[in-house]
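Enquirer: Prediction below, plus the sequence it came from.
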Amino acid sequence: MLPDPRSIHRFFSGLSEVCPVARLSHVHLIHWSTEPPSPLDPLREAGFRGTVVAARASLADAIRHHHPGLTVKLDDRPTAGEPSEHLLMELPQGREAARLAIETALAALAPEGRLWLFGERESGIRSLAKRFSDTETALCKGHLRLHTLTPESRSLPEKGQSAPFRPEADGFAYIKHDGLRLAVKPGIFSWRAIDAATLLLLDALREAPGARVLDWGCGSGVLGTTLAQRFPETRVTLSDDLITATACARRTVEINGLSDRCEVITEDGIGPLLGKQRFDAIVTNPPFHRGVRTDHDATLNFLASAAALLAPGGTLWLVGNRFMDYGTLLKEHLGEAEEFDGDDSFTVWRGVKSALTPRQKSAHTRHLTSTREDSPRNPFRNMPSGRWIGMDELS
């Protein structure tokens, strides 16, 4: 969970005491919540008039809605490739993602400029001085901290850490799977190796799920491109909220010669681009983290609306931790669901869109005159966050 609203407002209001807010050319946000409070409110009050660079489509949309006067760019580079004097940046998730973003940001700074990094205590920001030279703590309030680096700051070697990210000339690293080369970068889910849940879902999909398939929350694109390679008659749309993920997926599609049958979309949930399409099947290993925080909202909202994307009789294939009751949600929103496969850790669910879902059948008996749309039920509210590959990088 985020710190409470008063703590957030206190922290970002206090930035002007240590940071030249009015001289910030860029603010880079990655996993910050789309819901208020926003760090931009107190920053604008202190004179910020620069560019906001958002790494997620959901963030870019929310900022444009709540702050129509600001320039907003969707990019995973901290300054969207522009030079910067003073840059305020949310610390990315994971050691390698943080290192890559910090080095990119430092390279964009003017000689007299500074990089200002903020993050929750759990994000790994407390160990930043051990990982970069010339790092100073500028502000600590509640769960949030602000550190500052100069253009001369350099990455420091760390003992006992995994091998660092070594990109090829195109900026990506590559892993192999089933005859495919997958483009990856730090910051996307399971970028060092394909996770066990995704492999389980792919093992279940030995027959073509349909002629038109959506890979939602696609990450590097392993699900969608594997299906496109296995089934030459299948066309696939790959979608993700995180622009780093869709950049990787787009490169994966390109280098495997699948561009004629695969489309990649950067969009929050079901937006105007996905909303125009219809699919025979949806496949997903749905996200339940946003940065270091457990967050099921995106998946809950997607499942509540997924039926609108499916043709009659269409299927939704989903893999998740065994403790997550996705079956109940699939029955509620699609009409039918079964536990198709699984192991000790994960379950593969198969939902089928029926003519009338239980949710639709019961609508006649519940508040017929109400125009308020029910929010999707959250069966995971009291559940643990579960296993997530990559969290070890945060310590």
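Expert: Sure thing, it's come through.
Enquirer: Just confirm residue 79 contacts residue 25, I think it does.
Expert: Yes. The criterion here is Cβ atoms under 8 Å, and residue 79 meets it with residue 25 at 7.4 Å. Where C-beta positions appear, they are placed from N, C-alpha and C, glycine not excepted.
Enquirer: Give me the more crowded residue out of those two.
Expert: Using other Cβ atoms under 10 Å as the criterion, residue 79 and residue 25 rank with residue 79 on top: 23 against 20.
Enquirer: distance of the more buried one from residue 58?
Expert: From residue 79 across to residue 58, the span is 21 Å (Cβ to Cβ, to the nearest Å).
Enquirer: Kindly report the same for residue 321.
Expert: From residue 321 to residue 58 the distance is 23 Å (Cβ to Cβ).
Enquirer: partners of the residue nearest the centre of the chain in the sheet?
Expert: The residue lying closest to the centre of the chain (Cα atoms, centre = their mean) is residue 242, at 4.4 Å. Legend: beta-bridge partners of residue 242 under DSSP bridges are residue 56.
Enquirer: Surely it and residue 188 touch.
Expert: Yes. The criterion here is Cβ under 8 Å, and residue 242 meets it with residue 188 at 6.8 Å.
Enquirer: mind listing what residue 240 touches?
Expert: By Cβ atoms under 8 Å, 6 or more residues apart in numbering, the contact set of residue 240 is 216-219, 246, 249, 266.
Enquirer: For PyMOL, write a command that selects the buried ones of those.
Expert: Those of those that count as buried under 16 or more other Cβ atoms under 10 Å are selected in PyMOL with:
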select buried, resi 216+217+218+219+246+249+266
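Enquirer: can I get the contacts of residue 240 in TSV with distance to residue 38 and secondary structure?
Expert: Converted to TSV, the contacts of residue 240 look like this (distance: Cβ to Cβ, whole Å; DSSP: H, G, I helix; E, B strand; the rest coil):
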residue	distance to residue 38	secondary structure
216	27	strand
217	24	coil
218	27	coil
219	27	coil
246	24	helix
249	28	helix
266	21	strand
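Enquirer: would a markdown table of the contacts of residue 240 with distance to residue 106 and pLDDT be doable?
Expert: Output for those, formatted as a markdown table (distance: Cβ to Cβ, whole Å; pLDDT from 0 to 100):
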| residue | distance to residue 106 | pLDDT |
| --- | --- | --- |
| 216 | 35 | 94 |
| 217 | 31 | 93 |
| 218 | 30 | 95 |
| 219 | 27 | 93 |
| 246 | 25 | 97 |
| 249 | 28 | 97 |
| 266 | 26 | 97 |
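Enquirer: Next, format the contacts of residue 240 as JSON lines and append distance to residue 257.
Expert: Listed next are the contacts of residue 240 as JSON lines, based on distance: Cβ to Cβ, whole Å:
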{"residue": "216", "distance to residue 257": "23"}
{"residue": "217", "distance to residue 257": "24"}
{"residue": "218", "distance to residue 257": "18"}
{"residue": "219", "distance to residue 257": "20"}
{"residue": "246", "distance to residue 257": "19"}
{"residue": "249", "distance to residue 257": "15"}
{"residue": "266", "distance to residue 257": "22"}
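Enquirer: just the contacts of residue 240 now: which is nearest residue 236?
Expert: residue 218 (9.1 Å; Cβ to Cβ).
Enquirer: what about the helices in this structure?
Expert: Under the criterion DSSP state H, the chain contains helices at 5-14, 40-45, 57-66, 95-108, 128-131, 196-204, 222-230, 243-255, 297-305, 326-334, 358-362.
Enquirer: rank these by pLDDT, which is bottom?
Expert: Note on these: lowest mean pLDDT is at helix 358-362, with a mean of 53.
Enquirer: which among the contacts of residue 240 gets closest to residue 281?
Expert: Distance to residue 281 across the contacts of residue 240 (Cβ to Cβ) is lowest for residue 216, with 10.8 Å.
Enquirer: Just give me the neighbour total for the residue nearest to that closest one when sequence neighbours are not counted.
Expert: Residue nearest to residue 216 in three dimensions, not counting chain neighbours: residue 284, with 4.5 Å by Cβ to Cβ, 6 or more residues apart in numbering. The number of residues packed near residue 284 is 24, by other Cβ under 10 Å.
Enquirer: Name all residues that make contact with residue 284.
Expert: Per Cβ under 8 Å, 6+ apart, neighbours of residue 284: 215-217, 223, 302, 316-319.
Enquirer: same deal with residue 111?
Expert: Residue 111 is in contact with residue 151, counting by Cβ under 8 Å, 6+ apart.
Enquirer: Including distance to residue 211, could the helices of the chain go into JSON lines?
Expert: Below are the helices of the chain laid out as JSON lines (distance: least, Cβ to Cβ, whole Å):
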{"stretch": "helix 5-14", "distance to residue 211": "47"}
{"stretch": "helix 40-45", "distance to residue 211": "44"}
{"stretch": "helix 57-66", "distance to residue 211": "27"}
{"stretch": "helix 95-108", "distance to residue 211": "36"}
{"stretch": "helix 128-131", "distance to residue 211": "48"}
{"stretch": "helix 196-204", "distance to residue 211": "19"}
{"stretch": "helix 222-230", "distance to residue 211": "11"}
{"stretch": "helix 243-255", "distance to residue 211": "18"}
{"stretch": "helix 297-305", "distance to residue 211": "22"}
{"stretch": "helix 326-334", "distance to residue 211": "19"}
{"stretch": "helix 358-362", "distance to residue 211": "26"}
